[in-house]
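Engineer: Turn this into a structure:
(one chain, ligands or ions: 2)
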Amino acid sequence: MESRESINKDIDLIFKPNLARIERILPQMEGHRLFQLRFVDEDAVNAFAHKPGQFIELTVFGVGEAPISISSPPSRPGIIEICVRKAGSVTGALFELQKGDHVGLRGPFGHGFPLETLKGKDLLLVAGGLGMAPLRSLFQAVLDDRKNYGDIVLMYGARNPDDVLFKYELLGLMNRTDLKYLLSVDVDDEGIWRQYVGVVTGLFKGVQLNSENTFCALCGPPIMYRFVIEELLKRDIPKEQVFVSLERMMKCGVGKCGHCAIGEYYCCTDGPVFRYSDISHIKEAI
Ligand SMILES: Cc1cc2nc3c(=O)[nH]c(=O)nc-3n(C[C@H](O)[C@H](O)[C@H](O)COP(=O)(O)OP(=O)(O)OC[C@H]3O[C@@H](n4cnc5c(N)ncnc54)[C@H](O)[C@@H]3O)c2cc1C
Ligand code: FES
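Structural biologist: Ligands and ions are numbered 1, 2, ... in the order given. So this is what the prediction gives:
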């Protein structure tokens, strides 16, 4: 039988947040901010290792916890970046904090995108809305290790020109010759948008995909998944080569409470990144 001491140690590892300092706050579009965090304890800085697509449980002390994706890549250790939308109590309280204030972090948790599987492949990365927050971790990781991947296409669909996350950082990618970056907005009431106007699937028109070698990573709202996956299947991309990041209401983040069930899976421990072939039989998955 496990000793009380070892059970307590496990509980500490899983449930006890590590103190982190807010190093910088970078405003994004209305109601969204990028927070740069660093653990106070240098051992925690050195021990932290994540995969793109994984999340942390963020504590705002005295308020509570919320699961938030890591937006920075493993290839840039030290600072953990999270991009947060002000949604409710925890994120609202986070927006009241300043540079130098402290938060708690548990994690990283869940399965991320399998970088080892993606190596050497052509990649199609598709983000919609706030889905760009976790996908940024993946595309920065891939760009930091560019020589180990084939062709890369990044598609991002936002609601309107004011709602493009990481706007200036992403527009900078348009000058790169080793990457195809396609950006769409659903509507452009003011007629100021110089890229594609329409839903993100419209971006597929100008893109050739090699179905044998192209692996896809999708992050966005369920409606986007339905149409993007339809497009991929039409182009004979096997379901096994498609990875989707799913979001569910979470409490513990570590497979203990059952809040995040998707069919036979828990989103927190079996996901949030799933191979589409593993979940395509579950009707409510997307
Ligand atoms: C794996 C994962 C990664 C996430 N990554 C990010 C991220 O990078 N940035 C970010 O801003 N948010 C992210 N979220 C969403 C974030 O955790 C929720 O918005 C969370 O509720 C915020 O906590 P809160 O206390 O501020 O809001 P709350 O007071 O909990 O609630 C705000 C509102 O959002 C609703 N809600 C709560 N959780 C969800 C959910 N999962 N899906 C839909 N509606 C929900 C509630 O019902 C309520 O109406 C992520 C969620 C998951 C599960
Ligand atoms: S959040 Fe508790 S089991 Fe997934």
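Engineer: Tell me where the stretch 1-150 of the chain has strands.
Structural biologist: With DSSP state E, counting those that start in this stretch applied, the stretch 1-150 of the chain shows strands at 18-27, 32-39, 55-60, 64-69, 80-85, 102-109, 122-128, listed in chain order.
Engineer: right, and those strands - which one's nearest ligand 2?
Structural biologist: strand 64-69 (7.6 Å; C-beta to the nearest ligand atom). C-beta: built from backbone N, CA, C; applies to glycine.
Engineer: What strands line up against that closest one, and which way round?
Structural biologist: Within its sheet, strand 64-69 is paired with strand 55-60 (antiparallel), according to DSSP bridges.
Engineer: buried set for stretch 134-147?
Structural biologist: The neighbour-count criterion (16 or more other C-beta atoms under 10 Å) identifies Pro134, Leu135, Arg136, Ser137, Leu138, Phe139, Gln140, Ala141, Val142, Leu143 as the buried residues of stretch 134-147.
Engineer: go on, stretch 255-269?
Structural biologist: Neighbour-count burial for stretch 255-269 [16+ other C-beta under 10 Å]: Gly255, Cys260, Ile262, Tyr265, Tyr266, Cys267, Cys268, Thr269.
Engineer: Out of those residues, list just those in strands.
Structural biologist: Counting by DSSP state E, the part of the buried residues of stretch 255-269 found in strands is Ile262, Tyr265, Tyr266.
Engineer: Endpoints of stretch 112-132, how far apart?
Structural biologist: Stretch 112-132 has its terminal residues 14 Å apart, counting by C-alpha to C-alpha, to the nearest Å.
Engineer: got the buried residues for it?
Structural biologist: By 16+ other C-beta under 10 Å, the buried positions in stretch 112-132 come out as 112-115, 118, 121-132.
Engineer: could you give the mean pLDDT of that stretch?
Structural biologist: Model confidence over stretch 112-132 averages 95 on the pLDDT scale.
Engineer: Give me the buried positions along stretch 151-168.
Structural biologist: Here stretch 151-168 shows 151-158, 160-161, 163-166 as buried, counting by 16+ other C-beta under 10 Å.
Engineer: Does ligand 1 have contacts with that stretch?
Structural biologist: No - legend: contact between stretch 151-168 and ligand 1 by C-beta under 6 Å from any ligand atom is lacking; minimum distance shown is 10.1 Å.
Engineer: How far away from the center of its chain is that stretch?
Structural biologist: Relative to its chain's centre, stretch 151-168 lies at 14 Å (C-alpha atoms, centre = their mean, to the nearest Å).
Engineer: What average pLDDT does it get?
Structural biologist: This predicted structure assigns stretch 151-168 an average pLDDT of 91.
Engineer: Check stretch 84-101 too.
Structural biologist: Mean pLDDT, stretch 84-101: 97.
Engineer: Do that stretch and ligand 1 come into contact?
Structural biologist: Yes - remark: stretch 84-101 sits within contact range of ligand 1 at Val84, Arg85, Ala87, Gly88, Ser89, Val90, Thr91, Gly92, by C-beta under 6 Å from any ligand atom.
Engineer: Tell me the one among the residues you listed nearest to ligand 2.
Structural biologist: The nearest member of these to ligand 2, counting by C-beta to the nearest ligand atom, is Val90 at 14.6 Å.
Engineer: For the residue of the stretch 1-150 of the chain found nearest ligand 1, give me phi and psi.
Structural biologist: For the stretch 1-150 of the chain, the residue positioned closest to ligand 1 under C-beta to the nearest ligand atom is Gly88, at a distance of 2.2 Å. Torsion angles at Gly88 (phi, psi; degrees, to the nearest 10) stand at phi -160, psi -140.
Engineer: Could you report the neighbour count for it?
Structural biologist: Under the neighbour criterion other C-beta atoms under 10 Å, Gly88 is assigned a count of 11.
Engineer: Pull the most distant pair out of the buried residues of stretch 255-269.
Structural biologist: Using C-beta to C-beta, the two most remote members of those are Gly255 and Ile262, lying 12.6 Å apart.
Engineer: before we move on, back to that, please pick the buried ones from the residues of stretch 84-101 next to ligand 1.
Structural biologist: The neighbour-count test (16+ other C-beta under 10 Å) applied to the residues of stretch 84-101 next to ligand 1 identifies Val84, Arg85, Val90, Thr91 as buried.
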